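Novice: Provided below for reference: sequence and predicted model.
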Amino acid sequence: MKIGRLVKVDIRDLWTGEASHFTPWLASEENIALISEAIDLELELVGQEKNVGPFRADILCKNTLDDHYVLIENQLERTDHTHLGQLLTYAAGLDAVTIIWIARIFTEEHRAALDWLNRVTDDGINFFGIEIEAYKIGNSDPAPYFKIVSKPNDWTKAVKTAASNQNITGAKTINLEYWGAMKEYFEKTGTKLKCQKPAPQHYTNFAIGRANFYIQATVSVKFNFIRIDFIIGGPNAKAAFKTIKDNYEIEAGQKISAELNWAELPDKLVSIVSLKRNEAISDKKSWPEQHQWLMETVEKFDAFFRPIVRQL
């Protein structure tokens, strides 16, 4: 077997200008997808050189799971204090934001600064530092590689969250433990579904690739049920719901379940498609079976509705 050798390419030979070449290249759908894969978040492009309040980002995206802004600042050169100052300004002015700083080389002091910011900020503010590299094998086209040099420390933030949740009791305690066990179950099975951090609440969300649309899993300790909802939101929610229902209701019944409930909810901002199952949430012995049903059902919802919402 013949095995090639990776050869590093100078990225300055690939993009001659930061604003004219590098930023538009990063903002393409396939490269936003590569960044999404690198940081394990589903991003949807909003635009280039977009204003967010008084701020202007090189590239503006949204995290499709919670609709929070994701700001991308990029450099073709070594990181500098000017860009670090911009990131701090963004963080100070926005309640919840993920900031991605992409550069050719990160200095040690700037990497350390991002690590420190991730330690001292709460869950609503997250910083990623990414070095952009490129490689080729033989005469192949150069391929980009996003190398993460700094990212949020989930363990540290989880400890901070747990400390703030020490006084929770009753159903919220079960909720927190339930979602934590579900996340662990999902990770062991190897599913591609990405779980949110466990929280003491009765629901958790799954991204589906576009802002204003997501899948929500709900459990009720009091009424003993699990429910999966495909949630359609945004300013055009009712029109989108009608389009999906008119064109896909029969097929969804065949591929997901004949027991799907389609609810326009005219008095609310969202519409939903849901599937409910009665379960004793307090019965921890049955959690593996419940989590298996949750995983399989969310996977069916995702496989069916994801390509539909991308075409709307």
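Specialist: Happy to help now that I have it.
Novice: rest of the way, CA atoms for contacts and neighbours
Specialist: Will do.
Novice: need the residues that contact stretch 272-285.
Specialist: Residues outside stretch 272-285 that contact it (CA atoms under 8 Å, 6 or more residues apart in numbering) are 174, 219-221, 224-232, 241, 257, 259-265, 286-287, 290.
Novice: likewise for stretch 191-206?
Specialist: Outside stretch 191-206, the residues that reach it (CA under 8 Å, 6+ apart) are 65, 158, 165, 168, 172-177, 179-180, 183, 186, 207, 214-220, 295, 299.
Novice: return the subset of the contacts of stretch 272-285 lying in helices.
Specialist: Residues of the contacts of stretch 272-285 located in helices (DSSP state H): 174, 241, 287, 290.
Novice: thinking again about what came up before, buried ones among the contacts of stretch 272-285?
Specialist: 174, 219-221, 226-232, 241, 257, 260, 262, 264, 287, 290 (16 or more other CA atoms under 10 Å).
Novice: thinking again about what came up before, farthest pair within the ones in helices among the contacts of stretch 272-285?
Specialist: Using CA to CA, the two most remote members of the ones in helices among the contacts of stretch 272-285 are Ile174 and Phe241, lying 33.2 Å apart.
Novice: any stretches of this protein with poor pLDDT?
Specialist: 154-169 (pLDDT under 70).
Novice: could you chop it up by domain?
Specialist: 6-157, 167-311 (automatic domain parsing).
Novice: can you give me the helices in the chain?
Specialist: Going by DSSP H, the chain shows helices at 23-26, 29-39, 81-93, 108-120, 154-164, 171-189, 237-255, 287-311.
Novice: of the ones in helices among the contacts of stretch 272-285, just say which sits nearest to Phe22.
Specialist: Among the ones in helices among the contacts of stretch 272-285, and counting by CA to CA, the member closest to Phe22 is Phe241, at 37.8 Å.
Novice: not counting sequence-adjacent ones, nearest residue to Lys300?
Specialist: Nearest non-adjacent residue to Lys300, counting by CA to CA, 6 or more residues apart in numbering: Ile256, 5.9 Å away.
Novice: for Glu184, see how far away that neighbour is.
Specialist: 25 Å (CA to CA, to the nearest Å).
Novice: pick out whichever of the two has more residues nearby.
Specialist: Just comparing Ile256 and Glu184: by other CA atoms under 10 Å the higher neighbour count belongs to Ile256, 18 against 13.
Novice: contacts only, for the more buried one.
Specialist: Going by CA under 8 Å, 6+ apart, the list of residues near Ile256 reads 297, 300-301, 304.
Novice: list buried residues within those.
Specialist: Buried among those (16+ other CA under 10 Å): 297, 300-301, 304.
Novice: around Gly93, how many other residues sit close by?
Specialist: Neighbour number of Gly93 under other CA under 10 Å is 13.
Novice: Tyr69 touches Asn63, doesn't it?
Specialist: Yes. Tyr69 is within contact range of Asn63, at 6.3 Å (criterion: CA atoms under 8 Å).
Novice: beta partners for the nearest residue to Phe127 once chain neighbours are set aside?
Specialist: Among residues not flanking Phe127 along the chain, Ile99 sits closest, at 4.9 Å (CA to CA, 6+ apart). Beta bridges link Ile99 to Leu71, Phe127, judged by DSSP bridges.
Novice: measure Ile99 to Pro152 for me?
Specialist: 11 Å.
Novice: identify the residues contacting the spatially most central residue of the chain.
Specialist: Central residue of the chain (CA atoms, centre = their mean): Leu41, 3.1 Å from the mean position. By CA under 8 Å, 6+ apart, the contact list for Leu41 reads Asn63.
Novice: how much space separates Asp40 from Val219?
Specialist: Asp40 sits at a distance of 25 Å from Val219 (criterion: CA to CA).
Novice: what's the answer for Ala199, then?
Specialist: 13 Å.
Novice: could you do Asn118 as well?
Specialist: 31 Å.
Novice: which non-adjacent residue is nearest Ile272?
Specialist: Using CA to CA, 6+ apart, the closest residue to Ile272 is Ile231 (4.7 Å).
Novice: what does Asn212 give?
Specialist: Per CA to CA, 6+ apart, closest to Asn212 is Gly233, 4.8 Å.
Novice: can you give me phi and psi for that neighbour?
Specialist: Main-chain torsions, Gly233, degrees, to the nearest 10: phi -120, psi -160.
Novice: how about it, what does it touch?
Specialist: Here Gly233 is in contact with 212-213, 269-271 (CA under 8 Å, 6+ apart).
Novice: can you pick the most crowded of those residues?
Specialist: Result: Phe213 is most packed of the contacts of Gly233 (other CA under 10 Å), 26 neighbours.
Novice: quick check: the gap between that one and Ala91.
Specialist: 26 Å.
Novice: what's the neighbour count on the spatially closest residue to Ile308 that is not a sequence neighbour?
Specialist: Spatial nearest neighbour of Ile308, excluding adjacent residues (CA to CA, 6+ apart): Ile244 at 7.8 Å. When neighbours are defined as other CA under 10 Å, Ile244 has 17 of them.
Novice: nice, that's everything, thank you.
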